[in-house]
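**Q** structure for this input, please:
(2 chains)
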Amino acid sequence: MTQLPMFKAFSTLLRRDLLLAFRHRGEMANPLMFFVLVVSLFPLALGPDSRTLQPLAPGIIWVAALLASLLSLEGMFRSDFDDGALELMLLSPQPAPLLVLAKVIAHWLVTGLPLIALAPLLGVLLHLPAQAMPALLITLLLGTPVLSLVGAIGVALTVSIRRGGLLLSLLILPLYVPVLIFAAGAVGDAAHGLQVGAHFMILGAMLVLALSLAPIATGAALRISIG
Amino acid sequence: MLISDNSEQSFASAASTPTALPALEVSDLEIERDDRILFSGLSFSLHGGQARLVEGANGSGKTTLLRILCGFVRPDRGTVYWCGRDIQRMRLEYQAEVGYLGHAHGIKDGLTALENLQVAAALGQERPDVSALQALERVGMAGYEHNRVRSLSAGQRRRVALARLLVTRSRLWILDEPFTALDYRGIGMVESLIEAHCAADGMALISSHHAVTLTCVGEAPIQLSQ
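**A** A predicted model of the protein is given here:
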């Protein structure tokens, strides 16, 4: 019986955030446009030659995905902080990490998932070989949730600071490095026809770790921010 | 642990007498902001069915006091007890008992009044006996269920935020300037909501600049002076 209200709070919050995102579709598209534009700058700057672009493709796509994710993060708790909904969330008798997780999942569904859907198209633009496409999709599927989860901690810490954007980047980008190394490495290796199972496992381990610890840290950070 | 054991015993022995353990007890609270002590040595208590006002000049720490009682701010000294237990040690249990209305309404602009209340009910301890629609009717917002909050006036938003308190089973209402932006009928409505809440063994702490006429305000206001 005690499980029921907890699950209801989780699903209601998830639905609320998805509904709000759907009603503000324009804001949702911005990081996505950014992702596409940044990636398409590279063929313009380096020339359309496949020999130059192909080896760089995994790195370019992943760095762009990482920056787009960073750009979208700022909005995660901003409006809730401004209108007081964040205080009520923390005043809820349901555990804060669970509610945080609902918000992060909603955020990833509206920002991370569309990005993954667009990635193969950008891969083609950069002459990424077809055999590397599955690896690109899998690394994005495993990696972008980690970016959202870890990023949430930084957003929670900086939400009370006006114009905390730069501080957020300084705080979060170093933490993104392991994901970037293993994800871009996996796509690069896959392009050369190498085995990449180990990379996936490490990324999967990072996801499990972030999934279990980041919501707790984010909940604590939010408490500091409203205090 | 010792404290809670003692108080549970005293609660059991005193429950039948009129001087039962207060539901909310604040003891020796002190808070400092920007090297200024806002208040210190603040103690008071609140029994079921009671409402009390918090009075003080601008900047005297009314909002800070109410935020301490919500558990958002940790006091520099002193303890808040709920039924004899430190609220820091029973956070989720205590939070189930608190309904808070602050300067920010805690409702989302992009949702309708009804959707906002459904979210509030799911996040708190939902009351099976009061539906979101009934709550909106009680705050005089019947007919606005499906209007986005963005399109409502300041006073109407305040009413929706008040309706939030009605859909959850919180015993202690912490109201920070609940009369702001309300017309005189709205003020009367809030007063009658507080009266009804106290009549059902609820409690309320209210900070306000308005003259409040509540029969359930038993004791003198809590004065915060600089």
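
**Q** quick check: closest non-adjacent residue to B:Q134.
**A** B:L166 (7.9 Å; C-beta to C-beta, 6 or more residues apart in numbering or on different chains). For the C-beta atoms, the positions are set from N, CA and C on the backbone; glycine is no exception.

**Q** burial check on that neighbour, number of neighbours?
**A** Counted with other C-beta atoms under 10 Å in any protein chain shown, residues neighbouring B:L166 total 24.

**Q** let me see the contact set for it.
**A** Contacts here follow C-beta atoms under 8 Å, 6 or more residues apart in numbering or on different chains; on that basis B:L166 touches B:127, B:130, B:134-135, B:138-139, B:193.

**Q** with just CA atoms, put stretch A:82-90 into PDB.
**A** This file holds the C-alpha atoms of stretch A:82-90, laid out as PDB (Å, rounded to 0.1, in the frame of the first residue of the first chain):
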ATOM      1  CA  ASP A  82      11.000  30.400 -10.100                       C
ATOM      2  CA  ASP A  83       7.400  29.500  -9.600                       C
ATOM      3  CA  GLY A  84       7.800  27.700  -6.300                       C
ATOM      4  CA  ALA A  85       7.000  24.200  -7.600                       C
ATOM      5  CA  LEU A  86      10.400  23.000  -6.600                       C
ATOM      6  CA  GLU A  87       9.700  23.900  -3.000                       C
ATOM      7  CA  LEU A  88       6.500  21.900  -3.100                       C
ATOM      8  CA  MET A  89       8.300  19.000  -4.700                       C
ATOM      9  CA  LEU A  90      10.800  18.900  -1.800                       C
END
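
**Q** who's in contact with that stretch?
**A** A:13, A:77, A:79-80, A:96, A:99, A:159, A:219, A:222-223, A:226, B:70, B:72, B:100, B:102-109, B:120, B:123, B:164.

**Q** wait, a strand at B:W173?
**A** Yes. Assessed with DSSP: H, G, I helix; E, B strand; the rest coil, B:W173 lies in a strand.

**Q** how close does it get to B:E97?
**A** Distance, B:W173 to B:E97, by C-beta to C-beta, to the nearest Å: 10 Å.

**Q** do the same with A:A135
**A** 52 Å.

**Q** swap in B:G143?
**A** From B:G143 over to B:E97 (counting by C-beta to C-beta), the distance is 32 Å.

**Q** and which of the contacts of B:L166 is nearest to chain A?
**A** Using C-beta to the nearest C-beta, B:R127 is the member of those that lies nearest chain A, at 12.1 Å.

**Q** for the residue lying closest to that closest one once chain neighbours are set aside, report the pLDDT, please.
**A** Leaving aside its chain neighbours, B:R127 sits nearest to B:R169 (5.0 Å; criterion: C-beta to C-beta, 6+ apart). The confidence metric pLDDT takes the value 89 at B:R169.

**Q** next: B:A104.
**A** 91.

**Q** backbone phi and psi for it, please?
**A** For B:A104, the backbone dihedrals are phi -80, psi 140 (criterion: degrees, to the nearest 10).

**Q** who touches it in this structure?
**A** B:A104 makes contacts with A:82-84, A:87, as judged by C-beta under 8 Å, 6+ apart.

**Q** now those residues in CSV, with pLDDT?
**A** CSV is the format used below for these (pLDDT from 0 to 100):
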residue, pLDDT
A:D82, 91
A:D83, 91
A:G84, 91
A:E87, 93
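
**Q** got these as JSON lines, with secondary structure, distance to A:I105 and neighbour count columns?
**A** Below are the contacts of B:A104 laid out as JSON lines (DSSP: H, G, I helix; E, B strand; the rest coil; distance: C-beta to C-beta, whole Å; neighbours: other C-beta atoms under 10 Å in any protein chain shown):
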{"residue": "A:D82", "secondary structure": "helix", "distance to A:I105": "22", "neighbour count": "12"}
{"residue": "A:D83", "secondary structure": "helix", "distance to A:I105": "21", "neighbour count": "19"}
{"residue": "A:G84", "secondary structure": "coil", "distance to A:I105": "22", "neighbour count": "20"}
{"residue": "A:E87", "secondary structure": "helix", "distance to A:I105": "21", "neighbour count": "20"}
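
**Q** pick the one among those closest to B:S153.
**A** A:D83 (15.9 Å; C-beta to C-beta).

**Q** so which residue is dead centre in the chain?
**A** In the absence of a named chain, chain A is used. Closest to where the C-alpha atoms of chain A average out (C-alpha atoms, centre = their mean) is A:S148, at 3.5 Å.

**Q** you looked at the wrong chain, it should be chain B
**A** Centre-nearest of chain B using C-alpha atoms, centre = their mean is B:I174, 1.4 Å out.

**Q** how far away is it from B:Q134?
**A** Distance of B:I174 to B:Q134, given as C-beta to C-beta: 23 Å.

**Q** ditto for A:V159
**A** 35 Å.

**Q** do I have it right that A:S225 meets A:V159?
**A** Yes. Using C-beta atoms under 8 Å, A:S225 is in contact with A:V159, at 5.1 Å.

**Q** so what sits against both of those two?
**A** Counting by C-beta under 8 Å, 6+ apart, the residues touching both A:S225 and A:V159 are A:F81.

**Q** other residues contacting stretch A:114-126?
**A** Residues outside stretch A:114-126 that contact it (C-beta under 8 Å, 6+ apart): A:28, A:31-32, A:35-36, A:39-40, A:42-43, A:53-54, A:56-57, A:60-61, A:64-65, A:68-69, A:132-133, A:136-137, A:140-141, A:144.

**Q** how about the nearest residue to B:Y81 once chain neighbours are set aside, secondary structure?
**A** With sequence-adjacent residues excluded and distances taken as C-beta to C-beta, 6+ apart, B:Y81 is closest to B:E25, at 4.3 Å. Under three-state DSSP, the three-state class of B:E25 is strand.

**Q** beta-bridge partners for B:E25, please?
**A** As for beta bridges, B:E25 partners with B:S45, B:Y81 under DSSP bridges.

**Q** what sits against it?
**A** B:44-46, B:80-82, B:84.

**Q** repeat for A:V155
**A** Residues counted as contacts of A:V155 (C-beta under 8 Å, 6+ apart) are A:73-74, A:76-77, A:168, A:218.

**Q** ok, now with 10 Å
**A** Going by C-beta atoms under 10 Å, 6 or more residues apart in numbering or on different chains, A:V155 touches A:70, A:73-78, A:81, A:104, A:107, A:148, A:164, A:168, A:171-172, A:218, A:221-222, A:225.

**Q** so which bits of the helix or strand that contains it are buried?
**A** Secondary structure from DSSP states H and E places A:V155 in helix A:133-158. For helix A:133-158, a neighbour-count test (16 or more other C-beta atoms under 10 Å in any protein chain shown) marks A:133, A:135-158 as buried.

**Q** ditto for stretch A:42-55
**A** By 16+ other C-beta under 10 Å, the buried positions in stretch A:42-55 come out as A:42-43, A:53.

**Q** can you give me the neighbour number for residue 106?
**A** Unless you meant another one, I'm taking chain A. 21.

**Q** nope, chain B
**A** A count of nearby residues for B:G106, using other C-beta under 10 Å, gives 24.
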